[in-house]
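Colleague: build me a model:
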Amino acid sequence: MTPGAAPRLSVVVPAANEARLIPACLAALAGSDPVPGGAEAVVVSNGSADGTAAAAEALRPALAAAGWGLTVLDLAQGGKPGALDAGDAAARGALRAYCDADVTVSPRLLPALAGALD
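Modeller: Model (predicted):
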């Protein structure tokens with residue numbers, strides 16, 4: 001993905017107190033087959049008290065090395081609907097996918113999903 005360019009796919013990940021699980025989720029995204037046009041992860045820590053946002057930030061180098069962008073929002077207020085709304089507002093991709101922090105995607109899923117959503 002070209003720096004500054006909007007990615008084709010944004011994956012929004014709402015996460016409340018998921019510091020233990022978010023690393024595997026983001027590592028699976030980074031390990032995905034490339035999405036033509038690029039991809040980004042938008043992690044929304046909503047009301048977390050366990051360092052979820054910091055755990056997500058720690059994966060920034062691995063995601064960048066795989067060509068992924070990363071936005072991490074740390075909201076004081078809990079609630080999944082608000083987290084999804086905030087993630088949608090921050091996402092830059094024309095296509096959207098959503099997954100919870102306890103999900104690890106298979107390598108071929110996101111390119112196939114992006115192709116199906118076009």
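
Colleague: show me the shaky parts of this structure.
Modeller: The chain contains residues with pLDDT under 70 at 1-3.

Colleague: where exactly do the strands run in it?
Modeller: Under the criterion DSSP state E, strands of the chain are mapped to 9-15, 39-46, 68-75, 95-98.

Colleague: each with direction, which strands does the shortest one pair with?
Modeller: Strands flanking strand 95-98 in the sheet, each with its direction: strand 9-15 (parallel) (DSSP bridges).

Colleague: work out the gap between the partner strand and the centre of the chain.
Modeller: Strand 9-15 has its C-alpha centroid displaced from the chain centroid by 4 Å (CA atoms, centre = their mean, to the nearest Å).

Colleague: tell me what angle it forms with strand 39-46.
Modeller: Counting by axes from the mean of the first three to the mean of the last three CA atoms, to 10 degrees, strand 9-15 lies at 20 degrees to strand 39-46.

Colleague: residues near G115, how many?
Modeller: Residues near G115, counting by other CB atoms under 10 Å, number 11. Where you see a C-beta, it was placed from the backbone N, CA and C, and this is true even at glycine.

Colleague: go through stretch 54-63 and flag the buried ones.
Modeller: For stretch 54-63, a neighbour-count test (16 or more other CB atoms under 10 Å) marks 55-57, 59, 62-63 as buried.

Colleague: what sits up against it?
Modeller: Stretch 54-63 is contacted from outside by 15, 18-20, 22-23, 26-27, 29-30, 41, 43, 45, 69-70, 72, using CB atoms under 8 Å, 6 or more residues apart in numbering.
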